[in-house]
Each structure stands twice: as C-alpha cells, then as structure tokens.
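*Asks:* just coords:
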Ligand code: AQP
C-alpha cells in the first residue's frame, strides 16, 4: 500500500529568522498547505546542539521558539489546519532517534559537511548532539512517516541520510515488519526532499559565495524578518557588489556571485524570473537597482514583521497553539513509536 502523502519540515529557534529561511523554506511551507497535510515543527532540540553562545540560554530559547512560531503564522501557515508545534513536546523524536542511532553508520555521519562546517577546526570540542543532528532529523521526519520535506539546498545531504536510514531500517527489520502486518516489508517511506521555490540558496549580503545564515557574526550579512525599513535599507545599500553595471542577460550573472544573489532575491520576492528582472534593470547601475530592491523587501517583509510583533506580544496564545499542535503531533507519533518498538522487539506497557 503506498504511503499517504504528508509534509514535514522544521526550523531551528537559534536566532533571527532571515530572508534565506523565508525564501528557502517558509514560502514553500505556506504553498504546500494547498495540496498536502503538513506538519511544521520548531526544532528546539536541534537548537541546543551548539554552544550556549549560539542558542543563548533558556530564556532566549523559549523566546526564539515563540518567535519562529509567530513567523510561521505571520507568513501564512494556518495552525488550525496544519500541525504547528515545538519538537521537545513530543518524546517520540528522542526515542526514535535512539533506534536510528543504532541503524545509522559512523561512516555515513562522518561524511556530513554541515557538521564539519559547524564544528570547524575544534572538532574534539563539538557536542555529540551536533554530530548526531542528522539522525535526530531523520527521526523528526520519519516519526510522522512523512513523504515530502521542503528544505533549502543546504539540507539536501541530511535528507539523503534520512532516506538511507529509512531504507536500512526497512531492510534490517524486514521480517519483523512483515510479521507486524506491513506485507510489503516497508515501514518507513523514503522521504523526498522538495528543494524548490523561488530561492533555494540565498547568499550572504557580505559575501556572495557564503550562504545567508543566522550564525554569521555580521548582522549586515542577512536581512532578518524582524528588521525595520531603515535597517533593511541600510543593509541592502551596504550589500557587496562589483564595479560592473548589471548584465542584460542572465548568463552575465555567472561568476558574479553578489550580483546573482541580489537579482535572485529580487526575482524571488517579486515572483519573476531573473531574466525578467534583468529586462528591467540590466545595463543599469547597482544604486538604482538597490533602491528598487529596498522598496520590494520593505513591501514584502514589513507586514510579516508587524504581525510577528503582534503575535509575540501574547506568549500565552502562542504557547496554546504549540500545545494544541503537540497533542495532534503526539497522536501520530505515538502510533509510529508503538509499531517501531514492536518491530524492534522492545516490550512496552500494555
Ligand atoms: N541561506 C539560505 N537559503 C535558502 N534556504 C535556507 N535555509 C537556511 N538558510 C538558507 C533553510 O531554512 C530552513 C530552516 O533552517 P534552520 O534554521 O533549521 O537551519 P540552518 O540551515 O542551520 O539555518 P541557518 O540560518 O543557516 O542557521 P545556522 O546559522 O545555525 O546554520 C531549512 O530548510 C534550511 O534549508
């Protein structure tokens, strides 16, 4: 029997959400609501995998968790129709991650580039959680037997690992899976990444070869969803460019990473292609293009920032949304955990 199509994705509450998170992930989350049942998770357990200096401590974690939830809702996710919750409320994430820790191979994790980037040179001092992050991510997705996962391009490798884990679990426990009623021997689907949408990899405003990231030390490298109009204007005007005018054709953006990034952001926010944007701005100087980009960013992002501000002013309301979402998520997760434990051979309470 084919798996019921279900969408799952998560965002870490590790700091200010930026334009990359919005265009690479959240815009797609909103769109997928039209066609799928979706589960959107604020992955607070992932947030603590790096040092306290990155996640900011308990008060900051709770504040950021509410802020990401507010960003989801302000961007157009409907928490009544879809499931919106924070990961740590559903214990199945940690439980399934343990089973998957015993399925995943060290060699697989050793290849993960994000760990290498985030751990940097001081790998011995990185947390075990940071190393294990992709296994927890596989558990997040497969706990709901989700079939589709909208993510930015940076998460592609982790998604491939989730598929490998699902496949190995299905193979290793095939007989037991069949014994528990799944005749085709498949318990977990192989989740498909949905790396689509207007901008799958938004780059830093200070360096067009680095992705826009929450953890970049320079706030000028990113546009945060909560930035006001003046801050957006300042950041866009300071964005790195090159001395040439904008090219007339898209091909001319090759080998010009900063120009390519700014045109890509304009295209994504205006719902047009890069070629169309260059039809209007090609041959011109960056200064007038940047003015138009500021106006576009402010028009698109200010309503979201305003709504986020309104929502975070009422933490009780946000917590009620997260609690309600967690109850609905737990109902699905408990069923998966019950069956997973039976398949593995764990005796559970009757
Ligand atoms: N620059 C980006 N362009 C497109 N998509 C992006 N995403 C992140 N950065 C970009 C996508 O946003 C979703 C949520 O990301 P996350 O917060 O869970 O994790 P992340 O990838 O670690 O995000 P950051 O901002 O880059 O954080 P740090 O600085 O901690 O590394 C994911 O779908 C991601 O692909």
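*Replies:* Noted; the coordinates are in hand. Note that this is a predicted model, so its numbers are computed, not measured.
*Asks:* do you have the strands of the protein handy? List them.
*Replies:* Assigned by DSSP state E, the chain shows strands spanning 6-11, 37-42, 83-86, 148-150, 192-194.
*Asks:* the last one vs the ligand: in contact?
*Replies:* Translated: strand 192-194. No: Strand 192-194 does not reach the ligand (CB under 6 Å from any ligand atom); its nearest approach is 9.5 Å. C-beta: built from backbone N, CA, C; applies to glycine.
*Asks:* for the closest residue to residue 234 other than its chain neighbours, give me its contacts.
*Replies:* For residue 234, ignoring the flanking residues on the chain, the nearest one in space by CB to CB, 6 or more residues apart in numbering is residue 220 at 8.0 Å. Contact analysis of residue 220 by CB atoms under 8 Å, 6 or more residues apart in numbering lists 205-206, 234-235, 238.
*Asks:* pLDDT score assigned to the residue in the stretch 101-250 of the chain positioned nearest to the ligand?
*Replies:* Residue of the stretch 101-250 of the chain nearest the ligand, by CB to the nearest ligand atom: residue 152 (2.4 Å). pLDDT recorded at residue 152 is 91.
*Asks:* ok, for it, nearest residue in space, not its chain neighbours?
*Replies:* Spatially, and ignoring its direct neighbours in sequence, residue 152 is nearest to residue 24 (3.2 Å; CB to CB, 6+ apart).
*Asks:* got the residues of the protein near the ligand?
*Replies:* Counting by CB under 6 Å from any ligand atom, the chain comes close to the ligand at 11-12, 14, 20-21, 24-25, 151-152, 154-155, 200-202, 211-215.
*Asks:* of the residues you listed, select the buried ones using a PyMOL command.
*Replies:* To isolate the buried subset of those in PyMOL, counting by 16 or more other CB atoms under 10 Å, use the following:
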select buried, resi 11+12+14+20+21+24+25+151+152+154+155+200+201+202+211+212+213+214
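*Asks:* mind listing what whatever residue of the stretch 1-150 of the chain ends up closest to the ligand touches?
*Replies:* Going by CB to the nearest ligand atom, the ligand is nearest to residue 24 of the stretch 1-150 of the chain, at 2.0 Å. Counting by CB under 8 Å, 6+ apart, residue 24 touches 151-153, 197, 199-202.
*Asks:* which ones among these map onto helices?
*Replies:* Among the contacts of residue 24, none falls in helices (DSSP state H).
*Asks:* longest single helix anywhere in this structure?
*Replies:* helix 315-344.
*Asks:* returning to that earlier point: ok, the residue of the stretch 101-250 of the chain closest to the ligand - contacts?
*Replies:* Residue 152 neighbours (CB under 8 Å, 6+ apart): 20-21, 24-25, 195, 200-202.
*Asks:* make it 7 Å
*Replies:* Contact analysis of residue 152 by CB atoms under 7 Å, 6 or more residues apart in numbering lists 20, 24-25, 200-201.
*Asks:* make JSON lines out of the residues you listed and add pLDDT.
*Replies:* Shown next, in JSON lines, are the contacts of residue 152 (pLDDT from 0 to 100):
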{"residue": "20", "pLDDT": "96"}
{"residue": "24", "pLDDT": "93"}
{"residue": "25", "pLDDT": "94"}
{"residue": "200", "pLDDT": "91"}
{"residue": "201", "pLDDT": "94"}
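*Asks:* just flag the most distant two among the residues you listed.
*Replies:* 25 and 201 (11.4 Å; CB to CB).
*Asks:* buried stuff in the worst-scoring helix or strand of the chain on mean pLDDT?
*Replies:* Every helix and strand in the chain was compared by mean pLDDT, DSSP states H and E; the lowest is helix 52-55, with a mean of 86. For helix 52-55, burial by neighbour count (16+ other CB under 10 Å) applies to 54-55.
*Asks:* counting by contacts, list what that helix packs against.
*Replies:* Here helix 52-55 touches no other helix or strand, going by 3 or more CB pairs under 7 Å, 6 or more residues apart in numbering; DSSP states H and E.
*Asks:* now with 10 Å, please.
*Replies:* helix 44-47, helix 58-75 (3 or more CB pairs under 10 Å, 6 or more residues apart in numbering; DSSP states H and E).
*Asks:* re the thing from before, just the buried subset of the contacts of residue 220, please.
*Replies:* 205-206, 235.
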